[in-house]
Each structure stands twice: as structure tokens, then as C-alpha cells.
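Colleague: coords please:
(one chain, ligands or ions: 1)
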Amino acid sequence: MSNDKERDEVKISELERAKMSLMNPEIIAHKLDSRTIDEVAKPIIERTLKEGIETVWDRFEIQQPPCRYCSAGLSCSRCAMGPCRIMPGIRERGVCGADADLIVARNLLDTLATGAAAHSDHGRDIVETLYKTAIGESDGYVITDGQKLNVLAAEFGIDVEGRSENDVARDLSLAMLEEYGTVKNRLQLTERAPQQTRDLWGKAGITPRSVDREVVESMHRVHMGVGASYANILLHGLRTALSDGWGGSMFGTEISDVLFGTPAPIMSSMNLGVIKEDMVNISLHGHNPILSEMVVRAIDDPEIKALVKEKGARGINLVGLCCTGNELLMRRGVPMAGNHLNQELVIATGALEAMVIDYQCIFPSLPRTASCFHTKVISTSEKSKVPGAIHKGITPENAYSVAKEIVAMAVDNYPNRDRNRVIIPGKPVEVMAGFSVEAIRKALGGSFDPLIDLIAKGKIRGAVGIVGCNNPKIKHDFGHVTLAKELIRKDIICVETGCAAVASGKAGLLSPEAAALAGPGLSEVCKTLGIPPILHMGSCVDCSRILVLLAELARKLGVGIDQLPAAGAAPEWYSQKAVSIGSYFVASGVYTVLGVMPKIAGSQNTVDLLTSGLDSVVHAKFAVESDPFRSAELIVTHIEEKRAALGI
Ligand code: BF8
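Modeller: Numbering: from 1, shown residues only. Reported below is the predicted structural model:
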């Protein structure tokens with residue numbers, strides 16, 4: 001009790017000190033410089049500091065120093081005999097007898113399975129929406145890409161000849177839903193991977209059997225007294241991740257394309273400057289395009305337009321955040337306000353009428369931020385209710401009408417904006433997005449042969465997928481932007497998703513003019529094709545597009561994915577989903593560099609397995625490097641080794 005009191009007193013004095021420091025311009029300047037490289041975000045961060053509006057960086061500072069046992073993965077609270085923590089040399093085992101290796105491995109599998117579940121459940125929501133649309137029970141949805149529907153149907157062995165689109169869509173969605181718990185013990189879309197890669201999975205016993213099964217089995221395995229072999233637990237992690245990448249996430253991507261359209265190159269803009277002073281600003285935040293696509297349609301509704309006029313606004317300005325934003329940017333060119341660490345700052349412009357959220361990566365504290373302004377936070381998923389938010393539950397059956405209601409609430413809120421408190425902090429940066437696998441193939445003239453040719457000739461040395469989040473442990477966007485710049489300078493083309501892509505966009509790297517920053521070979525290719533050196537491939541579930549791209553390239557070359565001059569990187573990752581993505585990259589044969597150390601340092605055996613041992617199993621491994629310049633060196637060395645092995 002007295003310890004708690006002392007700790008609280010320390011915290012209070014920390015807060016007092018923090019408050020006093022806010023009067024010091026040098027301290028503010030230092031905080032701005034250490035928090036972000038996003039120049040347009042800085043005036044808003046400055047406002048939050050001066051006005052005492054709490055942000056993720058403030059909470060991060062207050063949480064320091066973190067518990068060193070938890071940081072190393074050495075604490076366990078999964079059963080009621082504990083909680084336990086391992087102190088090397090003092091307390092070597094938890095009450096159940098688990099050692100450091102087992103505790104670290106179980107914690108990691110738990111984290112990974114959480115991420116895989118989040119992606120795959122999102123995928124299921126999309127497939128269910130296609131099903132409801134096919135049987136005529138959805139509100140406002142249509143099949144937009146019938147060609148892709150037919151391609152997918154053929155992969156699943158579904159007859160398309162002489163049948164209506166809806167009949168095919170019904171059979172396809174049922175076949176995909178069945179894959180979540182299938183008894184056939186294989187996932188259909190894993191057949192997209194080259195045989196050599198699938199053979200490695202078979203040999204290692206990590207071929208994914210169904211989407212839900214691997215996640216449920218992960219939960220089983222982390223129960224006390226199931227597995228005690230850290231290696232066996234971690235291998236199942238790879239299988240679970242594969243069920244996400246080649247299963248749940250891939251369904252999410254493919255069926256989103258069927259419903260909302262397969263992305264093609266499109267121009268738009270990014271950063272907090274996309275907020276408009278004289279319009280109703282609505283940000284769409286989260287991951288699932290099911291609601292946000294309906295909001296895009298609802299703003300053209302005549303009743304809404306009349307309401308906008310009545311309230312005196314020039315129109316409605318939709319802006320994206322995180323991966324819902326990426327989905328809308330890729331297909332509709334909706335401007336992006338920012339990535340993960342920008343979410344509170346959008347509200348703190350003072351000009352946001354509504355923050356509409358679905359699920360994942362949404363700070364639970366957003367309603368607290370919104371309470372400093374007139375902004376309404378509106379939650380829309382039954383899975384993701386947030387205290388302080390107004391809930392408007394959306395289902396496939398009511399989507400359009402609820403979307404319209406939400407937009408009307410935002411418009412009604414426009415007169416409540418305090419015009420004296422609005423800060424529009426800068427001008428947006430132009431970006432080119434929309435690079436689905438189909439769009440890349442088309443840009444290359446209909447085949448991947450020219451890309452392979454360019455790689456073989458060395459004009460392009462290789463390809464790297466930079467993915468993942470922001471994390472206050474890393475200066476906002478610095479890891480992504482620095483790594484991407486270093487790689488393109490070395491003639492390595494980058495494909496990006498999620499918050500990594502948004503970081504590049506804000507830094508001007510997603511514009512065709514950024515070709516000037518690339519090495520001579522890549523620069524020439526980009527200028528000829530009119531594309532940027534960094535291709536935005538979508539949201540985080542769209543990391544599945546990167547898998548498909550790699551699989552296509554490997555098949556063309558007649559090799560496994562592991563033999564390609566390719567790599568992955570997650571310079572600023574934070575989420576459980578990112579653990580799953582990194583793991584399915586590695587399990588698919590992609591060397592992957594993490595910029596943030598996972599919570600595994602307490603088990604040297606786990607570290608060794610992930611950073612070295614996996615090489616003999618899946619011919620790929622992880623590396624951890626927080627310095628993006630050194631990460632680039634690691635990746636360049638890896639790519640050159642792969643080129644040499646291929647004799648190119
Ligand atoms: O799924 S990159 S912070 S927004 S988890 Fe989240 Fe990470 Fe951003 Fe998208 Ni992905």
C-alpha cells in the first residue's frame with residue numbers, strides 16, 4: 001500500500017514538472033523535434049502541449065520506465081497460480097514450472113494469434129457482406145469487380161458459365177466462409193504460393209489447415225500445461241500467421257476488391273492539411289471498408305446535400321485515417337489525414353465534426369481528446385464500443401441508412417465548431433496510390449516479365465515490402481521514411497502498406513517526382529512508367545497483395561519465394577497484427593527486419609530461433625535493428641546475396 005502511495009506521489013510530481021516544463025519554449029521545441037518528423041503535425045502537437053490536451057506521447061512518457069520483466073517477455077499472468085515473473089538466477093520458474101523459454105514463447109504466440117484473429121475476423125466480415133449482397137439482404141452494396149469474382153470462383157472450382165453474378169458470389173462467399181473451419185485441412189489460396197515454398201511448409205509441418213483452427217489451437221497451446229517446448233509453440237505461430245496471410249487477410253483483400261473495386265493508380269493528397277476550413281470534416285478511422293464505403297456514397301444523397309446547404313457549409317470533406325483511410329484512398333482517392341500517431345491530432349485541429357470509427361488501432365481515449373472540442377466520436381461496430389462515443393451499429397442489412405444518419409449527425413454538428421480554435425496546419429502533399437497486383441501488372445504492360453528483366457539486368461536490384469505502424473518508441477515516421485529513402489537510393493523498389501505507406505506519402509515519396517530520389521536504374525524505370533519509386537499497395541490486410549506479388553514473381557522465375565532478391569521491414573511496428581504479418585512474411589521465405597524489439601529478450605533460445613534457426617526451416621529469418629540506416633545495410637546485403645545465388 002505504501003509503495004502504491006509513494007509511486008502515486010512520484011507520478012504527481014512528474015505531472016507537476018511536466019506542466020511547468022510546458023511554459024519553457026526550449027522544452028516544447030525539444031519535444032516537437034523528438035516526437036515526429038511530420039512537419040505539418042508539429043503545430044498541432046504544439047497546441048496539445050500548450051493547452052494540456054493529452055496525447056499518446058504524453059502517456060508514453062508517463063509510462064516510463066517500463067517493467068523490465070514484461071519488456072523481456074518474462075512475466076506470465078495467464079493462470080490463477082500466478083502472476084509469475086522469471087528473474088534469471090533467482091526465480092528460474094513460474095509456479096507451474098514454466099521456464100523463461102516457455103513463458104516467452106507462449107506470450108509471443110498469444111500476441112501473434114491475437115493479430116491473426118483480428119485480420120481474419122475482419123476478412124470474415126467482408127466475406128459475410130458479399131454473401132448478404134449475393135442473397136439480396138444487404139443495404140446499398142453491389143458487386144463492383146465481376147471479373148475478379150470470376151477469377152476467384154475459378155480458383156475455388158466454382159462454375160461461372162451461364163450463372164448470374166449473385167449466384168457465383170453466393171457460392172464463393174460460402175466456400176470462403178467454410179475455409180474458416182474447413183475439414184479439408186488446407187486453405188485454397190495457399191495454392192497461389194510456389195510449390196517450393198509449399199514444400200517447405202509441408203516439411204516443417206506448418207501448412208495452415210483452416211483459419212479459425214490455427215487461432216483456436218494457438219489459444220489451446222498457450223493454456224497452462226499444454227506444450228512445454230518453446231520451439232514447437234513458435235512453429236505453430238508460423239502456421240497461425242500463414243492462415244492469416246494466405247487465408248483471412250487474403251479473403252479480406254480479395255472480397256473488398258470484388259465489392260468495392262480493385263484499386264488502380266489514383267492521385268490524392270495526405271497530411272493534416274487535408275482538413276478544410278469551410279467544409280464539414282468527417283474522418284473515417286479503423287480498418288474495415290464496409291461502413292466507410294457507404295459513407296462515401298451517402299455524402300451524395302440529395303437529403304444530405306440539402307442539409308449541408310442549410311447548415312452553411314461548402315460541402316462535406318471526408319478524410320481517412322489508418323487503414324480504413326488506406327482502403328478509401330486506394331479505391332476512391334479519398335485524402336488521408338494521417339497514420340496511427342496522427343489520430344488525436346486530427347481532432348486537435350478543432351475542425352473535425354465527426355470521427356467515425358470501426359475497429360482496430362483506435363485509441364480508447366479518443367472521446368477524451370474529442371471532449372476538448374466539438375467533435376463527435378461515432379462507433380459503428382458491435383465488436384468495438386467505446387465509452388464516450390455515440391454508437392450507431394452497422395450491419396450489412398442497414399449499412400446505407402446508418403451511414404446516412406452518421407453523416408447527418410456530422411453535418412448537424414458543423415455550426416458547433418469554434419472558429420477561433422481552428423488550426424489548419426499546412427498544405428497537403430500529393431500522392432499516387434492504388435497499386436494492386438493487377439495495377440502493377442497493367443503498368444508493366446500486362447505481364448511481370450519486364451520487371452523480372454529489370455531485376456535480372458540490375459536496373460532494379462530487388463524489392464522490399466515496408467509495412468506496419470507507428471510506435472512512440474520511434475520518432476514518428478522517421479523509421480519508415482529513412483529506410484525507404486535509403487533503399488530507393490540503392491535502386492531497390494519498395495512496396496508499402498498501412499501506416500508505412502502513409503509516412504512515405506506525407507514525406508512526398510509517393511509522388512512520381514520522388515523518382516528523382518531513387519538511384520539511376522530505378523529512377524529511369526519510374527520516369528518511363530510515370531510511377532513513384534514506392535508503390536502504395538493498400539491497408540495492412542493488403543500485405544496479402546505483397547504475398548501474391550512475390551508468389552507471381554517466384555513462379556515466373558521457377559523458384560521459391562525465399563530465393564527472390566526481396567525482403568520485408570516493419571520499422572515502427574506496434575500491433576499484434578504486425579507480429580502476425582512479420583511472421584507470415586518470414587514463414588513465406590521473406591527475410592524481415594523489425595525496428596522495434598519484440599518482448600522476447602528474456603529467452604535467448606527464442607531470439608536465436610527467430611533470428612537464425614528459422615533459416616534452416618523456412619529459409620528466412622527475422623532481424624531486429626532500430627537504426628533505419630543499418631536496417632538498409634542489412635537488407636541491401638541480403639538482396640545482393642540472393643542475386644548472387646540466382647546468378648544475376
Ligand atoms: O492495420 S499499420 S498502426 S493502422 S496495425 Fe494499425 Fe499498424 Fe497502422 Fe492498419 Ni496495420
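
Colleague: Now find how far off-centre stretch 191-202 is within its chain.
Modeller: 25 Å (CA atoms, centre = their mean, to the nearest Å).

Colleague: pLDDT on that stretch, on average?
Modeller: If you average the pLDDT over stretch 191-202, you get 98.

Colleague: what's next to it, contact-wise?
Modeller: 155, 190, 207-208, 242, 246, 547-548, 551, 554-555, 559-563, 587-589, 617-619 (CB atoms under 8 Å, 6 or more residues apart in numbering). For every residue, glycine as well, the C-beta is placed using N, CA and C.

Colleague: Only alpha carbons, please: show that stretch as PDB.
Modeller: What follows is stretch 191-202, C-alpha atoms only, in PDB (Å, rounded to 0.1, in the frame of the first residue of the first chain):
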ATOM      1  CA  GLU A 191      -2.000 -22.800 -53.800                       C
ATOM      2  CA  ARG A 192      -1.000 -19.400 -55.100                       C
ATOM      3  CA  ALA A 193       2.400 -19.900 -53.400                       C
ATOM      4  CA  PRO A 194       5.000 -21.600 -55.500                       C
ATOM      5  CA  GLN A 195       5.400 -25.300 -55.000                       C
ATOM      6  CA  GLN A 196       8.900 -24.900 -53.500                       C
ATOM      7  CA  THR A 197       7.500 -22.700 -50.700                       C
ATOM      8  CA  ARG A 198       4.600 -25.000 -50.000                       C
ATOM      9  CA  ASP A 199       7.100 -27.900 -49.800                       C
ATOM     10  CA  LEU A 200       9.000 -26.100 -47.100                       C
ATOM     11  CA  TRP A 201       5.700 -25.700 -45.200                       C
ATOM     12  CA  GLY A 202       4.900 -29.300 -45.600                       C
END
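
Colleague: now the helices for the stretch 401-550 of the chain?
Modeller: Ranges of helices within the stretch 401-550 of the chain are 437-443, 449-457, 478-489, 498-506, 520-529, 543-557, based on DSSP state H, counting those that start in this stretch.

Colleague: Buried ones in the fifth one, by neighbour count?
Modeller: Translated: helix 520-529. The neighbour-count check on helix 520-529 (16 or more other CB atoms under 10 Å) flags Gly521, Leu522, Ser523, Glu524, Val525, Cys526, Leu529 as buried.

Colleague: Now distance to Asp101 and pLDDT too, for these, in JSON lines please.
Modeller: As requested, those are arranged in JSON lines below (distance: CB to CB, whole Å; pLDDT from 0 to 100):
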{"residue": "Gly521", "distance to Asp101": "45", "pLDDT": "98"}
{"residue": "Leu522", "distance to Asp101": "43", "pLDDT": "98"}
{"residue": "Ser523", "distance to Asp101": "48", "pLDDT": "98"}
{"residue": "Glu524", "distance to Asp101": "50", "pLDDT": "97"}
{"residue": "Val525", "distance to Asp101": "47", "pLDDT": "97"}
{"residue": "Cys526", "distance to Asp101": "47", "pLDDT": "97"}
{"residue": "Leu529", "distance to Asp101": "49", "pLDDT": "96"}
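
Colleague: Any chance of JSON lines for those, columns distance to the ligand?
Modeller: Converted to JSON lines, the buried residues of helix 520-529 look like this (distance: CB to the nearest ligand atom, whole Å):
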{"residue": "Gly521", "distance to the ligand": "29"}
{"residue": "Leu522", "distance to the ligand": "25"}
{"residue": "Ser523", "distance to the ligand": "28"}
{"residue": "Glu524", "distance to the ligand": "31"}
{"residue": "Val525", "distance to the ligand": "27"}
{"residue": "Cys526", "distance to the ligand": "25"}
{"residue": "Leu529", "distance to the ligand": "27"}
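
Colleague: Tell me the pLDDT of Gly140.
Modeller: 87.

Colleague: out of everything not next to it in sequence, what's closest to it?
Modeller: Spatial nearest neighbour of Gly140, chain neighbours left out: Tyr400 (3.1 Å); criterion: CB to CB, 6 or more residues apart in numbering.

Colleague: How about Ser71?
Modeller: Nearest residue to Ser71, sequence neighbours excluded (CB to CB, 6+ apart): Lys599, at 6.0 Å.

Colleague: That neighbour against Tyr69, yeah?
Modeller: No: Lys599 lies out of contact with Tyr69 (CB atoms under 8 Å); the separation is 9.8 Å.

Colleague: Contacts only, for the residue nearest to Gly140.
Modeller: With CB under 8 Å, 6+ apart, Tyr400 has these contacts: Asp139, Gly140, Met294, Arg297, Ala298.

Colleague: same thing with Phe435?
Modeller: By CB under 8 Å, 6+ apart, the residues touching Phe435 are Pro263, Pro265, Ala443, Val495, Ile531, Leu535, His536, Met537.

Colleague: For ChimeraX, what selects the buried ones among these?
Modeller: This is how ChimeraX selects the buried members of these, with burial counted by 16+ other CB under 10 Å:
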select :263,265,443,495,531,535,536,537
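
Colleague: could the contacts of Phe435 be laid out in a markdown table, adding pLDDT?
Modeller: Output for the contacts of Phe435, formatted as a markdown table (pLDDT from 0 to 100):
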| residue | pLDDT |
| --- | --- |
| Pro263 | 98 |
| Pro265 | 98 |
| Ala443 | 93 |
| Val495 | 98 |
| Ile531 | 97 |
| Leu535 | 98 |
| His536 | 98 |
| Met537 | 98 |
